[in-house]
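[1] below is the sequence, then the predicted model.
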Amino acid sequence: MNDTSTREIYTVSRLNLEARGLLETRFPLIWVEGELSNVSSPASGHLYFTLKDPHAQVRAAMFRNRNRHLGFTPKAGLQVLARARVSLYEARGDYQLIVEHLEEAGEGALRRAFEELKNRLAAEGLFDAERKRQPPAYPHSLGVITSPTGAALRDVLSVLARRFPALPVYVYPVSVQGAGAAPSIIAALARANHEQRCDTLLLVRGGGSLEDLWAFNEEAVARAIADSEIPVVCGVGHETDITIADFTADLRAPTPSAAAELVSQDATQLLHRLGSLAESLRLRLHARVGQRQRMLESLQGRLARQHPLRRLQQHAQRIDELELRLHQSLARQQQLRSSRLQTLQARLSARSPALTLSAQTKRLERLRQELHRAMQERINREHKRLASLSRTLTAVSPLATLQRGYAIALAPGSLEPLRNTDRAHVDDRIELRLARGRLFCRVEKIEPEGGY
């Protein structure tokens, strides 16, 4: 009798489970072309059928969450192209395909060409993120490459009129379907780059079948987009439509309307930001003036505590320099902010209420004049105060006493004035500082206090 203790015995369930695992891990998602037969669709909504060719057949299942978007009705005898993963139905041990996507074989050939071109251009680096440029957040003008009679152009213009009506738009009319579409698109891209009237280009069209959108899968169109010096935003078809142009463009939008949304700013938000900038300008000017004023007061306090004329003159000169820099800095900041404000006002004037904008502009100018006047008055007051302090300090300065005929005697080897005879000896050399010049003397006799 054979010993079964060393044998690894599979159950049928285990065998089918491991066979299924091998199939699903060995094969990635693949494309399979064949003829439909034995098509059935039970109440569950799932779809079951057989794919066959003249020499073989394979069972297939397409579950409800995948077949609800089919653009055609699967029927026996129809040639199809299926994107599926290889699996095994464990209950019967049947090898089968789990279909993720199903399309008629006419599109299948196009789909294969699409995949081949996509893989080749990707290998060249044409889709790399490093070569793509971000379109400007505030474009000066916009170019739209599309059919002049299509719904895509109407959608784009409608979105721009709602969000930012002041944005100039140049339309480059092209054919978006048929044999002449690709050359037309390439010519429009070349013209836009030659004219340089726009800093952002929209390449848009409405939805359609893979064949309808094939112009946007042409290699020449993809390379023309990649070579464009102007950033290109591609909005072709509906959200589920993907073209080679989407991969090559600097930015992809799911629809033409979404493309217009991506490249335009909301006028309401810009108005709010303009108000915020004006308030920020006012607060920053106020804070800067307060900071400089506190600095000036601090310097004046230090001058009041340090009375030698040389230090006073140095600090007075420093104050004048700081005052000049403060005035220049404030004027420069005010000019920059005013220039930016005028630029934003000009760009928003086309869609802003004229009376409100005019009133706000006048109010800002009035506040700027009042601020300038208040600053000038404060500077004049501080000048007068500094002059008064300088005169007071000059009056009590030791140099004024020297001007009246007095002299300062300095101890030998020291800059400290002599106040009594304790620190001097006969034959010591002392220095007498006069209002003009110095005397170097020798002590011949010392008389203590009361020796007159």
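    That came through fine.
[2] so what's the residue positioned nearest the centre of the chain up against?
    Central residue of the chain (C-alpha atoms, centre = their mean): residue 137, 7.4 Å from the mean position. Residues near residue 137 by C-beta atoms under 8 Å, 6 or more residues apart in numbering: residue 265. The way it works is simple: take the backbone N, C-alpha and C, and place the C-beta from them, glycine included.
[3] three-state assignment of it?
    coil (DSSP: H, G, I helix; E, B strand; the rest coil).
[4] any chance you could map the strands in this protein?
    30-40, 47-52, 57-62, 79-89, 94-104, 142-146, 169-173, 200-205, 232-236, 251-252, 408-410, 429-433, 438-442 (DSSP state E).
[5] any idea which of those strands gets closest to residue 223?
    strand 232-236 (12.1 Å; C-beta to C-beta).
[6] tell me what angle that closest one forms with strand 200-205.
    Per axes from the mean of the first three to the mean of the last three C-alpha atoms, to 10 degrees, the angle that strand 232-236 makes with strand 200-205 is 20 degrees.
[7] most neighbours per residue, which of the strands of the chain?
    Highest mean neighbour count of the strands of the chain: strand 200-205, a mean of 29 (counted as mean count of other C-beta atoms under 10 Å).
[8] check which residues of stretch 227-247 are buried.
    228, 230-237, 241-247 (16 or more other C-beta atoms under 10 Å).
[9] out of those residues, which one has the weakest pLDDT?
    In this model, the minimum pLDDT among those belongs to residue 241 (81).
[10] quick check: that one vs residue 253, distance?
    The gap separating residue 241 from residue 253 is 11 Å, by C-beta to C-beta, to the nearest Å.
[11] which pLDDT value belongs to residue 73?
    Taking residue 73 on its own, its pLDDT is 83.
[12] count of residues packed around it?
    8 (other C-beta atoms under 10 Å).
[13] check the spacing between it and residue 67 real quick.
    10 Å.
[14] helices or strands up against the longest helix anywhere in the chain?
    Counting by DSSP state H, the longest helix found in the chain is helix 354-396. Here helix 354-396 touches helix 267-305, helix 309-348, going by 3 or more C-beta pairs under 8 Å, 6 or more residues apart in numbering; DSSP states H and E.
[15] and the chain, what are its domain boundaries?
    Listed by automatic domain parsing, the domain ranges of the chain are 12-114, 133-263, 269-396, 403-442.
[16] returning to that earlier point: worst average pLDDT in the helices and strands packed on helix 354-396?
    helix 309-348 - the lowest mean pLDDT of the helices and strands packed on helix 354-396, at a mean of 78.
[17] nearest residue to residue 60 other than its sequence neighbours?
    Of all residues beyond its chain neighbours, the one nearest residue 60 is residue 97 (4.2 Å), with distances taken as C-beta to C-beta, 6 or more residues apart in numbering.
[18] surely the one you found meets residue 52?
    No - contact criterion C-beta atoms under 8 Å: residue 97 and residue 52 do not qualify, at 12.0 Å.
[19] shared neighbours of those two, which are they?
    With C-beta under 8 Å, 6+ apart as the test, residue 97 and residue 52 both reach residue 58.
[20] pLDDT below threshold where in the stretch 351-452 of the chain?
    The stretch 351-452 of the chain contains residues with pLDDT under 70 at 351-355, 412-413, 450-452.
[21] what does the stretch 51-200 of the chain give?
    Using pLDDT under 70, the stretch 51-200 of the chain drops low at 106-109.
[22] identify the bridge partners of the nearest residue to residue 111 once chain neighbours are set aside.
    Distances taken as C-beta to C-beta, 6+ apart place residue 81 nearest to residue 111, at 6.3 Å, with adjacent residues excluded. Going by DSSP bridges, residue 81 is paired in beta bridges with residue 33, residue 103.
[23] for residue 81, give its distance to residue 56.
    Applying C-beta to C-beta to residue 81 and residue 56 gives a distance of 17 Å.
[24] now residue 15
    For residue 15 relative to residue 56 (C-beta to C-beta), the value is 23 Å.
[25] count the residues that sit near the closest residue to residue 16 other than its chain neighbours.
    Take residue 16 and drop its neighbours on the chain: the residue closest to it by C-beta to C-beta, 6+ apart is residue 90, 4.1 Å away. Using other C-beta under 10 Å, the number of residues around residue 90 comes to 15.
[26] buried sites along stretch 366-381?
    Residues 368, 371, 375, 379 are the ones in stretch 366-381 that count as buried (16+ other C-beta under 10 Å).
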